[in-house]
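Q: Build me a model from this:
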Amino acid sequence: METLPPPYPFKCSSPKAKVFLVFFSMVVCTAALFILQLKFFKPRGKDFYSFEVQDSKGRTVSLSKYRGKASLVVNVASACQHTDANYKGLQELQREYGPAHFNVLAFPCNQFGESEPNSNREIEAFARGNYGVTFPMFGKIKILGTEAEPAFRFLVDSTKKEPRWNFWKYLVNAQGQVIKTWRPEDPVENIKSDVASIVRELIKRKKEDL
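A: This next block holds a predicted model:
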């Protein structure tokens, strides 16, 4: 019986084969690194605290300083039928729950009935002088149109609820996501339970981390 010769051995000694193997290995390694990057280093999406705004003195401020706290973001005005009740109520919220775990963040706007025509300095002096506000007051912004403040536009896009007047309120959690909104005519008293709930949870988590 005729003996068959042994199978021809596969050889990788040729230069072309070596180049192919090196190239193939590089492709596999690159793909693996890319997958790992997507899994473990996926960039964080936008949230309210990822934006920068102008303070009442025109300085750039990163909202990241409020990350880890709850925020009630409000478009305020000095000459509105809702001014008195809202400023009083907002300051009461700030006094009771802020600033360690919560802050009212006030953004003046003159696009609703032209009820905030004053300068940033005048707006701040009015709020602090008449209502003793201690919460942060930012520079005057636009909310409607192409010049809308990006941070406020994020709130609108997240909720699909665009302010139609002064003193709309957006409750933002510690991670920068909007969880609830209120209209200007809603009593600030109605907001307390939601703010209190978030603050209690934040305090509980901090105690557990100790």
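Q: roughly how far apart are the spatially most central residue of the chain and V73?
A: Residue closest to the average C-alpha location in the chain (Cα atoms, centre = their mean): F48, at 1.2 Å. Distance, F48 to V73, using Cβ to Cβ, to the nearest Å: 7 Å. Any C-beta I mention is one placed from the backbone N, CA and C, and that applies to glycine too.
Q: Next: A85.
A: To V73, A85 is 18 Å away according to Cβ to Cβ.
Q: Which one of the two is surrounded by more residues?
A: Using other Cβ atoms under 10 Å, the more surrounded residue of A85 and V73 is V73, with 24 against 15.
Q: Go ahead and report the secondary structure state at the more buried one.
A: Using DSSP: H, G, I helix; E, B strand; the rest coil, the structure places V73 in strand.
Q: Begin at 437 from now on, thanks
A: With the count now opening at 437, the last piece we talked about shows up as V509.
Q: surely it meets V489?
A: No - applying Cβ atoms under 8 Å as the test, V509 and V489 come out as separate, 10.5 Å apart.
Q: residues shared between the contacts of those two?
A: When Cβ atoms under 8 Å, 6 or more residues apart in numbering defines a contact, the residues bordering V509 and V489 alike are F543.
Q: can you list the domain ranges for the protein.
A: 450-478, 484-645 (automatic domain parsing).
Q: Put together a markdown table for those domains, with mean pLDDT on each row.
A: Output for the domains of the chain, formatted as a markdown table (pLDDT from 0 to 100):
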| stretch | mean pLDDT |
| --- | --- |
| domain 450-478 | 57 |
| domain 484-645 | 97 |
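Q: highest average neighbour count across the ones you listed?
A: Mean neighbours per residue, mean count of other Cβ atoms under 10 Å, is largest over those for domain 484-645, with a mean of 17.
Q: ends of it, how far apart?
A: 25 Å (Cα to Cα, to the nearest Å).
Q: what's the spacing between that domain and its chain's center?
A: Chain-centre distance of domain 484-645: 12 Å, with Cα atoms, centre = their mean, to the nearest Å.
Q: who touches the closest residue to S507 other than its chain neighbours in this structure?
A: Leaving aside its chain neighbours, S507 sits nearest to V608 (4.4 Å; criterion: Cβ to Cβ, 6 or more residues apart in numbering). V608 sits next to 484-485, 506-509, 591, 614-615 when contact means Cβ under 8 Å, 6+ apart.
Q: At which residues are the strands of this structure located?
A: Along the chain, the stretches classed as strands by DSSP state E are 488-490, 496-498, 506-512, 538-544, 605-608, 614-618.
Q: Reformat those as CSV; add distance to L580.
A: As requested, those are exported to CSV (distance: least, Cβ to Cβ, whole Å):
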stretch, distance to L580
strand 488-490, 17
strand 496-498, 22
strand 506-512, 10
strand 538-544, 13
strand 605-608, 15
strand 614-618, 16
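Q: Any idea which of the ones you listed gets closest to E528?
A: The stretch from the strands of the chain with the least distance to E528 (Cβ to Cβ) is strand 538-544; that distance is 9.9 Å.
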